[in-house]
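task: produce atomic coordinates for the following.
(one chain, ligands or ions: 1)
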Amino acid sequence: MQIQKTSLPGVLVLVPRRFGDERGFFCESWSRKTLHDAGLDLPEFVQDNHSLSAAAGTLRGLHFQAPPHAQGKLVRCGRGRLFDVAVDIRKGSPSYGRWTGCELSFENGRQLWIPPGFLHGFVTREPDTEILYKCTDYYAPDCDGAVAWDSIGIDWGVSGQPILSAKDAGAPVLNEFDSPFTYEGPFGYEAGI
Ligand SMILES: Cc1cn([C@H]2C[C@H](O)[C@@H](COP(=O)(O)OP(=O)(O)O[C@H]3O[C@H](C)C(=O)[C@H](O)[C@H]3O)O2)c(=O)[nH]c1=O
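Modelled structure (predicted):
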């Protein structure tokens, strides 16, 4: 398992080992023990999500769930290719409003860990792209929120208007958004990475 820091403190790239042979490959996509042995103890995951986006240029985000149902997410791409983005929205954080992105694909096997207190979104770079992600809390529609994808200066790598849901097309811009999250200091797990 490779664990890499990103430009955004708390957000990590994980790359599980693939065992290739003439049939293809085998990979343990998630193992609490493997991460613990590598010095990384993430919160417990309680729900797995899976979505398919038929068209390239489909953008889902930027989403969050507010406390008491804030979600950490461990994201990977099961088919196709996407650009995954996290944004720190913890009030008082030294990196408030800053973003980081990473291309996740079936080919590269990368995963992105996005802690609670961060927005999550992605744009697909191929048709029929599937995303799978583990969440640290259950879906809580009353706590569901969004911030406009184009209000943070993210370089999504798309030309023109992406495909958006009505919810995402109508999300508030970051400057008019009152975040429900407050910075509580650095994440403990960063020290061991
Ligand atoms: C998120 C979620 C949704 N749903 C239902 C609610 C809707 O009827 C339908 C589609 O939901 P939504 O349009 O919010 O799906 P996405 O636009 O893919 O949103 C997700 O994509 C971004 C990138 C995320 O990180 C979040 O997990 C989530 O916000 O699935 C559920 O039943 N359970 C769930 O956990």
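
drop to CA atoms for contacts and neighbour counts, all remaining ones
Fine.

biggest helix in this protein, by residue count?
Scanning the chain for the helix with the most residues, using DSSP state H, yields helix 32-37.

what does it contact?
Identification of contacts with helix 32-37 by C-alpha atoms under 8 Å, 6 or more residues apart in numbering yields 1, 41.

could you pull out the buried residues of that helix?
For helix 32-37, burial by neighbour count (16 or more other C-alpha atoms under 10 Å) applies to L35.

state the next helix or strand along the chain beyond that helix.
Next in sequence after helix 32-37, counting helices and strands by DSSP states H and E, comes strand 47-53.

mind listing what that next one pairs with, with the direction of each?
In the sheet, strand 47-53 lines up against strand 129-135 (antiparallel) (DSSP bridges).

please see if the strand it pairs with touches the ligand.
No - against the ligand, strand 129-135 shows no contacts by C-alpha under 6 Å from any ligand atom, the least distance being 7.9 Å.

can you offset everything so residue one is 41?
Yes, from this point I'll number from 41; that puts the last item at strand 169-175.

quick one, what contacts the most far-flung residue of the chain relative to its centre?
In the chain, the residue that sits farthest from the middle, by C-alpha atoms, centre = their mean, is E62; the gap is 32.2 Å. Taking C-alpha under 8 Å, 6+ apart, we find E62 in contact with no residue.

related to what we said a few turns ago, quick one: average pLDDT of the longest helix of the chain?
In this model, helix 72-77 has an average pLDDT of 94.

now swap in stretch 225-233 and tell me
Mean pLDDT, stretch 225-233: 83.

with stretch 118-129 instead?
Averaging pLDDT along stretch 118-129 gives 98.

please apply the same query to stretch 194-204.
Averaged over stretch 194-204, pLDDT sits at 95.

tell me if it is near the ligand.
No - judged by C-alpha under 6 Å from any ligand atom, stretch 194-204 makes no contact with the ligand; its nearest approach is 8.3 Å.

dump that stretch to PDB, keeping only the CA atoms.
Provided in PDB are the C-alpha atoms of stretch 194-204 (Å, rounded to 0.1, in the frame of the first residue of the first chain):
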ATOM      1  CA  ILE A 194     -10.800  24.600  -9.500                       C
ATOM      2  CA  ASP A 195      -9.100  23.600 -12.700                       C
ATOM      3  CA  TRP A 196     -11.400  20.800 -13.700                       C
ATOM      4  CA  GLY A 197      -9.800  20.300 -17.000                       C
ATOM      5  CA  VAL A 198     -13.200  20.600 -18.800                       C
ATOM      6  CA  SER A 199     -13.900  23.000 -21.700                       C
ATOM      7  CA  GLY A 200     -17.500  24.500 -21.600                       C
ATOM      8  CA  GLN A 201     -20.300  23.600 -19.300                       C
ATOM      9  CA  PRO A 202     -20.200  20.100 -17.700                       C
ATOM     10  CA  ILE A 203     -23.300  17.900 -17.300                       C
ATOM     11  CA  LEU A 204     -24.800  18.800 -13.900                       C
END
